[in-house]
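> take a look and give me a structure for this.
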Amino acid sequence: MSTDIAVSLADRLGGVLAADRFAVDEATVLGYRHDRSGWAPAGRPAAVVFPENAEEVALVLRLAHAQRVPVVIRGAGTGLSGAATAVDGELVLSTERMNAILELSEQDELAVVQPGVVTGDLDRAAAEHGLCYAPDPGSVDICTIGGNIATNAGGLRCAKYGVTRDSVLGLDIVLADGSRISTGRRTVKGVTGYDLTGLFVGSEGTLGVVVAATVRLFPLPSQSATISAFFDDARGAARAMSAIRERRVRPAIAELLDRASLAAIDAAQGTDLGRRGGALLLVQVDGAGSEAESAIVQQAVAPFSGAVEATSDPEAAAALLRARRLALPSLEARGRVLIEDVAVPRSRLAEAIEAVEEIGARTGTDISTVAHAADGNLHPLFVLDRDAETVPEHVWAAAGEVFRTALRLGGTLTGEHGVGLLKRQWVREELGEANHDLQLRVKDLFDPYGILNPGKAL
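Residues are numbered from 1 along each chain as shown. Next comes the predicted model:
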């Protein structure tokens, strides 16, 4: 794409949008060219637009479509796959100002929100009515609903309540040419037509721009219990998780942190988690039966752990889960972090953890692992030298081994972060030729000129 064409579009947008909806100065546009993946794109976007309503989004896309200018849709920039990165000649469309909760219905247990609503803010607003918004990524207090929809984000509570797709009832979408559609409905059930809502969730901004979402809310649990158990190593924690599943307990949360993650948290936060063991498993059960389920969980993990504790105190539980959420920022204090995200069948979690440890040791790569243990979703975190301008070849090679290990174990390249730029070269291996080609044709149908987030996801 010619930068001259993009600049021409910038001039046209400046003539139809208010001055505060638009930026072309270098300081601003450079701040919007990357996400949290660590990927550093070359060059700079042509401009950043800040629409405040669906009509302004449609205006931007009509002009971009007419001039074939690529558009990168961006929420809070907390994505971990490079999907929100922008290069020369591209226009960044930020949804951060579209941040209103338009409706919150106690009776129907749903909310209608704009894409720039911060996920944690929606959850807190729902809590005032005895409800909750279930998806809660690790970045819950800074990420947005639009970004969560783009990647089909999961989070700590997804073991019981599902990922973002399970909470999205309907969407208002602006398509590549500026036209608008609505998908889904306000009802819990509904099978009229194809499931376009499900198609857009996880599409990484390549099919359209979400301008409003109707999402499910759930009753706040009446009570909960949180169990912490320390183990000699992560393999022991994974086997304890298998024992919990064998007893047919379905935790709301089950998080695993390995030795390297605990050490990073201790160093950055002044805690002493690593002194108590080589791995930590945090399990939370909720609802009226949480006391009985807590007892079952403790019995299940006891043969594997020398240190098992349980609490029903919300503040103590919040402190434990806060430590889990601090794993990534604590590792980032040590250096640049390449954040990966694979998932395997739950029965093969221990195998996957062992394989990641072996790959790190054999290749001399610094890898820490945290995991949503109840659903087999691992986050191998590759810690690089802070001054590294690019990811070293041996690290990419190690990452490739991790990805292919997940596929060999019957898993997937990404459980919740998305493909973005970082995993595109492996997508065809997972999908197969026919499936991949079909998905490319779907992309062409919605975006015939390929202007929406080009080069991402597929």
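> show me where pLDDT drops low in the protein?
Where the chain drops to pLDDT under 70, the residues are 1-7, 10.
> got the domain ranges for it?
Per automatic domain parsing, the structural domains of the chain span 3-94, 101-219, 221-324.
> okay, the ones you listed in TSV with distance to residue 389 next?
C-beta coordinates here come from the backbone N, C-alpha and C atoms, glycine included. Putting the domains of the chain into TSV (distance: least, C-beta to C-beta, whole Å) gives the following:
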stretch	distance to residue 389
domain 3-94	7
domain 101-219	25
domain 221-324	23
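> which of those domains sits closest to residue 348?
With C-beta to C-beta, the closest approach to residue 348 among the domains of the chain belongs to domain 221-324: 9.3 Å.
> re earlier: out of the domains of the chain, the one nearest residue 356 is which?
Nearest of the domains of the chain (C-beta to C-beta): domain 221-324, 8.8 Å.
> quote the end-to-end distance of that closest one.
21 Å (C-alpha to C-alpha, to the nearest Å).
> thinking again about what came up before, and the domains of the chain as JSON lines, adding distance to residue 401 and mean neighbour count?
Supplementary listing: these in JSON lines, determined by distance: least, C-beta to C-beta, whole Å; neighbours: other C-beta atoms under 10 Å:
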{"stretch": "domain 3-94", "distance to residue 401": "19", "mean neighbour count": "20"}
{"stretch": "domain 101-219", "distance to residue 401": "24", "mean neighbour count": "20"}
{"stretch": "domain 221-324", "distance to residue 401": "18", "mean neighbour count": "19"}
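> for residue 381, find the nearest of those domains.
Of all the domains of the chain, domain 221-324 comes closest under C-beta to C-beta, at 7.5 Å.
> roughly how far is that closest one from the heart of the chain?
Its chain's average C-alpha position is 22 Å from that of domain 221-324, according to C-alpha atoms, centre = their mean, to the nearest Å.
> tell me the SS of residue 140?
coil (DSSP: H, G, I helix; E, B strand; the rest coil).
> for residue 159, that is, sorry about that
Under three-state DSSP, the three-state class of residue 159 is helix.
> just checking, it touches residue 249?
No: Residue 159 is beyond contact range of residue 249, at 10.6 Å (criterion: C-beta atoms under 8 Å).
> looking at the domains of the chain, which is nearest to residue 450?
Comparison of the domains of the chain against residue 450 by C-beta to C-beta identifies domain 3-94 as nearest, at 7.8 Å.
> list the contacts for residue 174?
Shown in contact with residue 174 (C-beta atoms under 8 Å, 6 or more residues apart in numbering): 54, 57-58, 61, 180, 208-209, 211.
> who's it bridged to?
With DSSP bridges applied, residue 174 shows beta-bridge pairing to residue 180, residue 209.
> and the closest residue to residue 101 other than its chain neighbours, what are its bridge partners?
The spatially closest residue to residue 101, leaving aside those adjacent along the chain, is residue 113, at 5.2 Å (C-beta to C-beta, 6 or more residues apart in numbering). Residue 113 has these beta-bridge partners by DSSP bridges: residue 101, residue 213.
> residue 113 touches residue 121, doesn't it?
No: the criterion here is C-beta under 8 Å, and residue 113 misses it with residue 121 at 9.3 Å.
> ok so, going back, distance of the residue nearest to residue 101 relative to residue 15?
Per C-beta to C-beta, to the nearest Å, residue 113 is found 31 Å from residue 15.
> repeat for residue 24
Residue 24 sits at a distance of 13 Å from residue 15 (criterion: C-beta to C-beta).
> quick one: neighbours of the closest residue to residue 154 other than its chain neighbours, just the number.
In space, and not counting its chain neighbours, residue 154 is closest to residue 416: 3.7 Å by C-beta to C-beta, 6+ apart. Using other C-beta atoms under 10 Å, residue 416 has 25 other residues around it.
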